[in-house]
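In: Coordinates for the following, if possible.
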Amino acid sequence: MLQAGSGIEAPAKLRFLAIELFMIHLPSGKSEPLSHFGDHYRVLMRIDTTSGSHWGEIYLNEGSRPADWVAWASYYEKFLHRSFASEASLQAEILCSIHPFHLARAQLLCETLRGKTVLCHDSWIELTDQGDSRPLLNMAEAYISLF
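Out: As a prediction, the model looks like this:
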């Protein structure tokens, strides 16, 4: 909770409750639009907040793939269970935490907070707040859950 000047706790407008990451390997031969660029990774994020669930995604090429997905995802731990007065204060926190190695992670977080709807490649199931993530678990090379 945020502290008001009088020592009374002010209600938080936004709080991250859980973050899920699905890393899906897209071999160059199987991902038609990206085939001439080599292997890629589709990274999907689901954030559960006090305002609901949000989905987002980014694509990383083989050269941008981290050696350790868990270490890569640890960037997001600093946002969990923290209260932000507004989306603007959260965006300010994201901007303050950006370093060159964090750009893709910050982009993924911002895309997810926009509430972008994601489509699952294999089944083309639209993922919403009620969406089932089991198909993604079956396709994912790696899965990380932060709560």
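In: correct me, but K78 touches I94?
Out: No: checked against Cβ atoms under 8 Å, the pair K78 and I94 is beyond contact range at 10.0 Å. Just so you know, the C-beta spots here come from the backbone N, C-alpha and C atoms, and that holds for glycine as well.
In: And these two? Which one has more around it.
Out: Neighbours per residue, other Cβ atoms under 10 Å: of K78 and I94, the larger number sits with I94, 18 against 11.
In: Please report how far that one lies from L137.
Out: Separation of I94 from L137 (Cβ to Cβ, to the nearest Å): 27 Å.
In: what do you get for L44?
Out: Taking Cβ to Cβ, one finds L44 at 11 Å from L137.
In: Over to M45?
Out: Per Cβ to Cβ, M45 is found 14 Å from L137.
In: From the contact counts, what lies against the strand of greatest length in the chain?
Out: Ranked by number of residues, the top strand in the chain under DSSP state E is strand 14-26. Under the contact definition 3 or more Cβ pairs under 8 Å, 6 or more residues apart in numbering; DSSP states H and E, strand 14-26 sits against strand 40-49, helix 69-73, strand 83-84, helix 134-139, strand 142-146.
In: Direction-wise, compare it with strand 40-49 and give the angle.
Out: Interaxial angle of strand 14-26 relative to strand 40-49 (axes from the mean of the first three to the mean of the last three Cα atoms, to 10 degrees): 160 degrees.
In: Let me see the mean pLDDT of strand 14-26.
Out: If you average the pLDDT over strand 14-26, you get 91.
In: tell me which residues in that strand are buried?
Out: L14, R15, F16, I19, E20, L21, F22, M23, I24, H25, L26 (16 or more other Cβ atoms under 10 Å).
In: Sweet, I'm off.
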